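Colleague: Next input, structure requested:
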Amino acid sequence: MSKRSLLLGGGWLLSAAATFGLGWTLKPSSESTSDPALTASGADGSLVPAVRIKSEEAKAAAKRVDGAFLDKYVIGDQISVESMTAAMKDVLGEDDPLKRAALMSALLAQLTPENAKAAWAVMKETRGSGRRGPGGDSSRQLFLNAWGRVDGKAALTELMAVTEGENGEEGRGGRGGRDRGRGMMDTYSALTGWATADGENAAEFVDGLEDDRMKGMYMSGVVRGMLVNDVDDAVDYVSSLPEGTDNVDRYMSSIADEVLEDGVSSATKWVDGLDDESLKEGAMSRVASEFVQEDLQGAVAWVAEHAGEAYANDAVEEVAEQWAEKDPQAVIEWGASLPESAQADVYSEALDEWTERDPLAASEYLASMPSSAAKDSAVEGFATELAKNDPESAVVWAQTIGNESLRAEALTDVAQNWFRQDQAAVEAWLPTSGLSEEAQNTVTTSQSRGGDFGRGGGRGRGR
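Modeller: Take a look at the predicted model:
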């Protein structure tokens, strides 16, 4: 299983946050005088100016979408607390999703530290605001991102209180975890906006959190927010994280996604130019997964240049996995040309795929291979795939693996599949299997697991 699968599988909150953040993160306009009615559907994806625009311009923009909308609420050069309450109710009450988006953009351009809390009070109490609202828009997330930009500290203080249940909202109506989950997503939204406007203080806020799971999720928000302005800022932030920080590969993968918007060629040059090798792993794996789909031979040549380096292992495996879907034998032959430290995962991916296609041909090739660490990995891939249809034969193959630790891992994975098919046979075999008591217990509780998830899930990395 490649790093691509791991990036998708680890931690629902972090994954949800990263995926969701990619969909609605706001980009600032190049000029503070941007027309909010236009930026609501602008070519660059902008929705809210980075700073509050002059009320005259906001009025003119709003008139183009709803006559004298802001004229009713702007007094002097801003919207008062009381007027913001009424204005937000007007916007959220609009049924036409396109019109509501334009009105929301104009209104958020008038957001200030003084009136933001009044707007939030309306937003959080309005049934259906946000993703579940009429038309399924993201008004709630757009507002929270904008609030984070104009007063990040106040927004996070307010939202964290809800998330942590300090005001009793978490458990209201018996919803508990669901409300807390939404509270964390709300906080993530505001944090991305804060990081866009003031990355240093947003990062400092996250660094002070005590809950490691929340900290990991919100670090992702800081990365997403910084990416709105500059890729280098986001890279510098990730590079500054303490040694051993979890999820660094995921953060770098999300940064790579941004770089890939300029094309694979630019992305490979960017990865090659990263000075900190500890940051290359997640970035290179993500770029390789895109590269191999566009240009197989180009991707093969690129990862081969780095093969043997620890940071390149996942990228090499990624290319091997996708190539093996077309020509597993060619992957094995390619693997033989790589440094020994890179061969194991290549052979494992190739044999896994080859076994699914033609187990007889795969077994004949394996039998001809000389004993080596690479062959052990190839046998593991072969046995794990074979176990889906012929677990007893797979056990025989797994027992030929020379590396004791890898043999135990392969036997455990194979036996889990076998146990789901013939519980009595496995229970009779286990005492003679040579597996530890812990591994045997893992086998007999495998019915709660699916497929070969256990095999892939054990390869996650932090930094």
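Colleague: Check the gap between residue 160 and residue 430 for me.
Modeller: Residue 160 is 49 Å from residue 430, where distance means Cβ to Cβ, to the nearest Å. Where C-beta positions appear, they are placed from N, C-alpha and C, glycine not excepted.
Colleague: tell me the pLDDT at the residue lying closest to residue 110 once chain neighbours are set aside?
Modeller: With sequence-adjacent residues excluded and distances taken as Cβ to Cβ, 6 or more residues apart in numbering, residue 110 is closest to residue 79, at 4.7 Å. We have a pLDDT of 88 for residue 79.
Colleague: Repeat that for residue 368.
Modeller: pLDDT for residue 368: 89.
Colleague: Next: residue 350.
Modeller: If you check residue 350, the pLDDT there is 90.
Colleague: Use 40 as the first number from now on
Modeller: All set: I'll call the first residue 40, so the last point we hit is now residue 389.
Colleague: Quick one: residues contacting the residue nearest to residue 149.
Modeller: Residues near residue 118 by Cβ atoms under 8 Å, 6 or more residues apart in numbering: 109, 112, 126, 146, 149, 151, 154.
Colleague: hang on, the first one packs against residue 145?
Modeller: Read it as residue 109. Yes: counting by Cβ atoms under 8 Å, residue 109 does reach residue 145; the two are 6.3 Å apart.
Colleague: And those two? Which one has more around it.
Modeller: More neighbours surround residue 145 than the other of residue 109 and residue 145, with 30 against 24 (other Cβ atoms under 10 Å).
Colleague: buried ones in the helix or strand where that one lies?
Modeller: Using DSSP states H and E, residue 145 falls within helix 136-147. Within helix 136-147, the residues scored as buried using 16 or more other Cβ atoms under 10 Å are 139, 140, 141, 142, 143, 144, 145, 146, 147.
Colleague: Nearest to residue 370, out of those residues: which one, please.
Modeller: Of all the buried residues of helix 136-147, residue 140 has the smallest distance to residue 370: 47.9 Å, by Cβ to Cβ.
Colleague: same question for stretch 275-288, mean pLDDT?
Modeller: Stretch 275-288 comes out with an average pLDDT of 92.
Colleague: just the contacts of residue 118 now: which is nearest residue 353?
Modeller: residue 146 (44.8 Å).
Colleague: so what's the closest residue to residue 348 other than its chain neighbours up against?
Modeller: Closest residue to residue 348 apart from its sequence neighbours, by Cβ to Cβ, 6+ apart: residue 316 at 7.3 Å. By Cβ under 8 Å, 6+ apart, the residues touching residue 316 are 348, 349, 350.
Colleague: Just the pLDDT for the closest residue to the last one other than its chain neighbours.
Modeller: The shortest distance from residue 350 to any residue other than its chain neighbours is 4.0 Å, reached at residue 319 (Cβ to Cβ, 6+ apart). As summarised for this prediction, residue 319 has a pLDDT of 95.
Colleague: Residue 352 is in contact with residue 319, correct?
Modeller: No: using Cβ under 8 Å as the test, residue 319 is too far from residue 352 to be in contact (10.7 Å).
Colleague: how much space between residue 304 and residue 274?
Modeller: According to Cβ to Cβ, residue 304 and residue 274 sit 19 Å apart.
Colleague: helices and strands of the chain: which one bottoms out on pLDDT?
Modeller: helix 75-78 (a mean of 34; mean pLDDT, DSSP states H and E).
Colleague: Remind me which helix or strand the residue lying closest to residue 367 once chain neighbours are set aside belongs to.
Modeller: Spatial nearest neighbour of residue 367, excluding adjacent residues (Cβ to Cβ, 6+ apart): residue 393 at 3.7 Å. Element membership for residue 393 (DSSP H and E) is helix 379-396.
Colleague: ok, now residue 436?
Modeller: Using DSSP H and E, the element containing residue 436 is helix 430-437.
Colleague: Check which element follows that helix along the chain.
Modeller: Per DSSP H and E, the helix or strand that comes after helix 430-437 is helix 443-460.
Colleague: what about the helix or strand following that next one, distance to the chain center?
Modeller: Next helix or strand after helix 443-460 toward the C-terminus (DSSP H and E): helix 462-468. On the basis of Cα atoms, centre = their mean, to the nearest Å, helix 462-468 sits 40 Å off its chain's mean C-alpha point.
Colleague: Could you give the average pLDDT over helix 462-468?
Modeller: Mean pLDDT, helix 462-468: 94.
Colleague: ok, and the closest non-adjacent residue to residue 185?
Modeller: Computed as Cβ to Cβ, 6+ apart, the closest residue to residue 185 that is not its neighbour in sequence is residue 147, at 4.3 Å.
Colleague: Quick check: that neighbour touching residue 183?
Modeller: No: with contact defined as Cβ under 8 Å, residue 147 does not count as touching residue 183 (10.3 Å).
Colleague: list the contacts for the closest residue to residue 120 other than its chain neighbours?
Modeller: Using Cβ to Cβ, 6+ apart and skipping the chain neighbours, the partner closest in space to residue 120 is residue 157 (4.6 Å). By Cβ under 8 Å, 6+ apart, the residues touching residue 157 are 120, 121, 123, 124, 127.
Colleague: switch to 7 Å and redo it
Modeller: 120, 123, 124 (Cβ atoms under 7 Å, 6 or more residues apart in numbering).
Colleague: what's the following helix or strand after the helix or strand hosting the residue nearest to residue 350?
Modeller: Assigned by DSSP H and E, residue 319 belongs to helix 319-333. For helix 319-333, the succeeding helix or strand toward the C-terminus, using DSSP H and E, is helix 335-345.
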